[in-house]
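Student: Have a look; sequence and predicted model below, questions after that.
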Amino acid sequence: MSNERKYISGKIVLPGEKLCVVEEFTPGEGTYEDNGEVFSKVAGRVLYDFVAKRVIVIPLKKNKQPPKPNMTVYAVVTSVKEDTAFLKIFADDKRRLYTGPFTGVLHVSQVSTNFIKTISDAVKIGDVVKAKVLTNSSPFQLTTKGARLGVVYAQCSRCGAVLIRKNTKLICPKCGNVEQRKVSIEYMFK
């Protein structure tokens, strides 16, 4: 398959989404490199420049207002500890991007009304989460309690394919891996 067919410009990408490897395109604006792979730094439209061999992500329309209590937001999980996950809040409930980076914190007690032993049973690094804001200053305390809240996009921890939702489990269509998350009923792929 040629690069022109494999890499399509104009596609909307989310923060943390793998775009290519550095041997194919060098990272440009709105991207970052990690271990030889290039990822999107922001939510936006990807642009592959085949002449300059460079990839950039053009951010979508931005929201200048910070998150407020009771507001629903979208965030990417950036770090997971035993009882806490740290997230980068990137958009509001109308999917307008925030201009500045806002940090969110999700404690295991705020994941679900059901018992969750560790936060890694509910979210993993790179997951996109729909959450409700509980506090009015950064780092914003978040909750995913409720059927519409939780993981809305996740990739397989084994092969990187997008996971498909089957009831409360997420299944990899490539390798068959089954993963557990606190899944939203609004999960993107069914």
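Tutor: Yep, it's here. Numbering: from 1, shown residues only.

Student: Could you tell me which ranges of this structure sit under the pLDDT cut-off?
Tutor: Along the chain, segments meeting pLDDT under 70 span 1-5, 61-63.

Student: which residues of it fall in helices?
Tutor: 3-6 (DSSP state H).

Student: Quick check, central residue of the chain?
Tutor: By C-alpha atoms, centre = their mean, the chain has its centre lying nearest to Val128, at 3.0 Å.

Student: any idea how far that one is from Ile89?
Tutor: Per C-beta to C-beta, to the nearest Å, Val128 is found 11 Å from Ile89. In this view, the C-beta of every residue, glycine as well, is placed from N, C-alpha and C.

Student: Gly16 too?
Tutor: Applying C-beta to C-beta to Gly16 and Ile89 gives a distance of 13 Å.

Student: Specify which residue of the two has the higher count of neighbours.
Tutor: Between Gly16 and Ile89, counted using other C-beta atoms under 10 Å, the more crowded position is Ile89 (26 against 22).

Student: Next up, the contacts around the more buried one.
Tutor: Neighbour list for Ile89: Pro67, Val73, Tyr74, Ala75, Tyr98, Pro101, Phe102, Thr103, Gly104, Phe140 [criterion: C-beta atoms under 8 Å, 6 or more residues apart in numbering].

Student: what's the longest strand anywhere in the chain in contact with?
Tutor: For the chain, the strand that runs over the most residues, judged by DSSP state E, is strand 97-107. Outside strand 97-107, the residues that touch it by C-beta under 8 Å, 6+ apart are 42-44, 59-64, 66-67, 73, 75, 83-92, 119, 123, 129, 131, 133, 138-144.

Student: Please pick the buried ones from these.
Tutor: 42-44, 59-60, 63, 66-67, 73, 75, 85-92, 119, 123, 129, 131, 133, 140-144 (16 or more other C-beta atoms under 10 Å).

Student: What separation do you get for the residue located most distally from the centre of the chain and Phe25?
Tutor: Within the chain, the residue lying farthest from the chain centre (C-alpha atoms, centre = their mean) is Val51, at 29.6 Å. From Val51 over to Phe25 the distance is 11 Å, taken as C-beta to C-beta.

Student: And for Glu37?
Tutor: Glu37 is 11 Å from Phe25, by C-beta to C-beta.

Student: And this structure, what are its domain boundaries?
Tutor: Per automatic domain parsing, the domain ranges recorded for the chain read 3-59, 63-151.

Student: Now render the ones you listed as a markdown table, adding distance to Ala161.
Tutor: Compiled in a markdown table, those are given as follows (distance: least, C-beta to C-beta, whole Å):
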| stretch | distance to Ala161 |
| --- | --- |
| domain 3-59 | 11 |
| domain 63-151 | 12 |
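
Student: With respect to burial, which of the ones you listed scores highest?
Tutor: domain 63-151 (a mean of 18; mean count of other C-beta atoms under 10 Å).

Student: Cool, thanks, talk later.
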